[in-house]
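K.L.:
3D, please:
(one chain, ligands or ions: 1)
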Amino acid sequence: MSKHVLAQNQYGKAENRIVAVTRKGSDGAWHEIRDLNVSVALRGEYRDVHLTGDNGNCLPTDTTKNTVYAFAKEHGVASPEAFGILLAKHFVTSQAVIHEAQIRVEEYAWERISVPTRKEQHSFARKGQEVRTAQITYSANTGLQVLSGLKDLTVMNSTNSEFHGFIKDRYTTLKEAYDRILATKVAARWANSAPAAADEEHDWDRSYQKVRRHMLEAFAETYSHSLQQTLHAMADRVLDNVSTVNEVRLNLPNKHHFLVDLEPFGLKNDNEVYFAADRMYGLIEGTVHRDGVQPVIATSDWITA
Ligand SMILES: O=c1[nH]c(=O)c2[nH]c(=O)[nH]c2[nH]1
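P.N.:
Below is the predicted model:
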């Protein structure tokens, strides 16, 4: 027997890449695709598996992988959230030793290549870099928690951004900026309310598009005195406009754009020519939630620019 304590543990097959094709129309020529990366983590009665080598409680990770693919056929993929909810509930309700399941989903977007003269619609081009995310956690005790999100959404304002009035100590060299580029690669997560998570009719694609639009509009419309202020405005706008969201966490790397010194060439740089640095970067992170709601989104996830 070990004298040490087995603490939090979980297991399952990670990064199951799955492309689900749905055929629509009377002849099935209209295709819709969902391109996902699905990770399964199971939590429960796994002391013996770790301590004695008894695998009697262990549902193989291979089975969790098979379940993901079989569920895509049996239930379809309506959205990352709906698919994750189905899987999480399945694992917890089908095996007594599994107390909690967490499903993490990334979705890669494709857009249709529309050829007007062609009836078949089965050609797609990968859309941008943006990745949609969902994390579904289910247990009989705590119920369903659905976190939605996105990452790798790069945005820029080429003006309407200042940064000045900051602390100056003996190490400060930064010049005050009254007109600068503000650029970031947005990583966002938002917590959906319990009623939305429990609502089997909830339109997850619609709420995703709504949150995304409000975040981007707030980014574009906020006259920024710091990326921190912009972060707050983006999260605030989502909470004001999407009633099913209770909490928003944003990780915003400040993708610095430095004015190039053109004076050696006898040229004046009127905020026209910048050097785009890819690192290092300021990293601005924060959570905004409704008053009276307990925040649930982890603050320790490591997101790099
Ligand atoms: O928007 C900003 N916030 C900061 O905290 C900061 N610090 C810095 O050097 N530049 C910036 N920009």
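
K.L.:
show me where the chain has helices.
P.N.:
Secondary structure of the chain by DSSP state H: the helices cover 47-51, 61-75, 80-94, 194-198, 204-221, 227-241.

K.L.:
single out the residue in the stretch 1-150 of the chain that lies closest to the ligand.
P.N.:
Here the residue of the stretch 1-150 of the chain nearest the ligand is residue 150; by Cβ to the nearest ligand atom that distance is 21.2 Å. For every residue, glycine as well, the C-beta is placed using N, CA and C.

K.L.:
contacting residues around that residue?
P.N.:
Residue 150 makes contact with 130-133, 186-188, 208, 212 under the criterion Cβ atoms under 8 Å, 6 or more residues apart in numbering.

K.L.:
now those in CSV, with pLDDT and distance to residue 56?
P.N.:
Output for these, formatted as CSV (pLDDT from 0 to 100; distance: Cβ to Cβ, whole Å):
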residue, pLDDT, distance to residue 56
130, 94, 44
131, 97, 38
132, 98, 38
133, 98, 34
186, 97, 45
187, 97, 40
188, 98, 42
208, 98, 41
212, 98, 45
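
K.L.:
get me the contact residues on the stretch 201-305 of the chain for the ligand.
P.N.:
Residues of the stretch 201-305 of the chain that fall close to the ligand, judged by Cβ under 6 Å from any ligand atom: 226-228, 254, 282.

K.L.:
report the beta-bridge partners for the residue of the stretch 1-150 of the chain closest to the ligand.
P.N.:
residue 132, residue 188 (DSSP bridges).

K.L.:
do you know the pLDDT at it?
P.N.:
At residue 150, the pLDDT value in this model is 98.

K.L.:
likewise for residue 300?
P.N.:
So residue 300 comes in at 86 (pLDDT).

K.L.:
again, but for residue 304
P.N.:
Listed pLDDT for residue 304 reads 57.

K.L.:
then residue 117?
P.N.:
84.

K.L.:
mind checking how far it is from residue 290?
P.N.:
Here the criterion is Cβ to Cβ, to the nearest Å. By it, residue 117 lies 51 Å from residue 290.

K.L.:
more neighbours: which of these two?
P.N.:
Neighbours were tallied for residue 117 and for residue 290 using other Cβ atoms under 10 Å; the higher tally belongs to residue 290 (14 against 4).

K.L.:
do I have it right that that one meets residue 239?
P.N.:
Yes - between residue 290 and residue 239 there is a contact under Cβ atoms under 8 Å: 6.1 Å.

K.L.:
which neighbours do the two have in common?
P.N.:
Contacts common to residue 290 and residue 239, judged by Cβ under 8 Å, 6+ apart, are residue 246.

K.L.:
doesn't residue 155 make contact with residue 181?
P.N.:
No - Residue 181 is not in contact with residue 155 according to Cβ under 8 Å; the separation is 11.1 Å.

K.L.:
how close does residue 235 sit to the ligand?
P.N.:
16 Å (Cβ to the nearest ligand atom, to the nearest Å).

K.L.:
so where do the strands sit in this structure?
P.N.:
Secondary structure of the chain, counting by DSSP state E: strands at 16-24, 30-44, 98-112, 124-139, 143-157, 182-192, 245-254, 257-259, 274-276, 282-289.
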